[in-house]
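[1] This is a predicted model, with the sequence first.
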Amino acid sequence: MRLLAYSYVGSREIRQRSLGTPGTPVTSPSELRVWLSAQPEAFSEGATYVVDLLGRLRLAPRRSEHVACADGEEVLAAGELRFRLDGGQPAVAEVSNLSTGYCPDVTCWAAVARALASLGLHLPTGFTGAMDFRRCLACGEVTLVKERWFVCAFCDADLPSDWNVSLARAVDVG
């Protein structure tokens, strides 16, 4: 499967102060249950996640930086995830691609769905909160597009309709 790898595009200061506490790779349903038992707030306030280049879900407490969760590396996806219990088993309540550090395109859903499905989780058909990020061609700032209004929040210039935040590269994931 061919997916995009996203580089960190956020603040250098955040990157420098955040590294050293990577997210926990979760590769099995039992590892997920162990992580959730140690992080029960993932059911109420959610968790920070990335999908690393190996296709693994990595989880960290909700207020963690995505770049820390990814240990500074490129990712296939990044965002926020909230769990719920379904018949006593963990399930996905909400999932987004909200990461202002990586600004992944909504097409990263394929990597997220694959990582979550590998854990036996029931999941939605797409992001429950899909975010569109664009880099302004006039001023260079990154804007979170709200309500499909493609106008730069910094200089009021029109934003491109296609995702253009970083130089994502295609990678093959087994």
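    Received it, and whenever you're ready, just let me know what you need. This structure is a prediction, so every number in the text was calculated from the model and none was measured.

[2] Let me know how buried L36 is, in neighbour terms.
    By the criterion of other Cβ atoms under 10 Å, L36 has 18 neighbours. Yep, even glycine has a C-beta here, placed from its N, CA and C like the rest.

[3] and if you look at the one 3 residues further on?
    In terms of burial, Q39 registers 18 neighbours under the definition other Cβ under 10 Å.

[4] so V67 makes contact with R12?
    No: taking Cβ atoms under 8 Å as the definition, V67 is not a contact partner of R12, at 10.1 Å.

[5] Please name the residues that touch A91.
    By Cβ atoms under 8 Å, 6 or more residues apart in numbering, the contact set of A91 is F83, R84, L85, L121, H122, L123.

[6] which residues does it bridge with?
    Counting by DSSP bridges, A91 is bridged to R84.

[7] For P124, which three-state class applies?
    Recorded secondary structure, P124: coil (DSSP: H, G, I helix; E, B strand; the rest coil).

[8] how deep is it tucked in, by neighbour count?
    14.

[9] and the nearest residue to A130 once chain neighbours are set aside, what does it touch?
    Nearest non-adjacent residue to A130, counting by Cβ to Cβ, 6 or more residues apart in numbering: V106, 4.8 Å away. With contact set as Cβ under 8 Å, 6+ apart, V106 has these partners: N97, F127, A130, M131, D132, W163.

[10] just P22 next, same as before
    R58, A60, A68, C69, A70, D71.

[11] Highest neighbour count among those residues?
    The most crowded member of the contacts of P22, judged by other Cβ under 10 Å, is A70 (29 neighbours).

[12] And the nearest residue to it once chain neighbours are set aside, which helix or strand is it part of?
    Distances taken as Cβ to Cβ, 6+ apart put V50 closest to A70, at 4.4 Å, once the chain neighbours are dropped. Per DSSP states H and E, V50 falls inside strand 47-51.

[13] list the helices and strands the helix or strand that that strand is followed by packs on?
    Note on strand 47-51: by DSSP H and E, the next helix or strand toward the C-terminus is strand 57-61. The contact analysis (3 or more Cβ pairs under 8 Å, 6 or more residues apart in numbering; DSSP states H and E) places strand 57-61 against strand 24-26, strand 47-51, helix 66-69.
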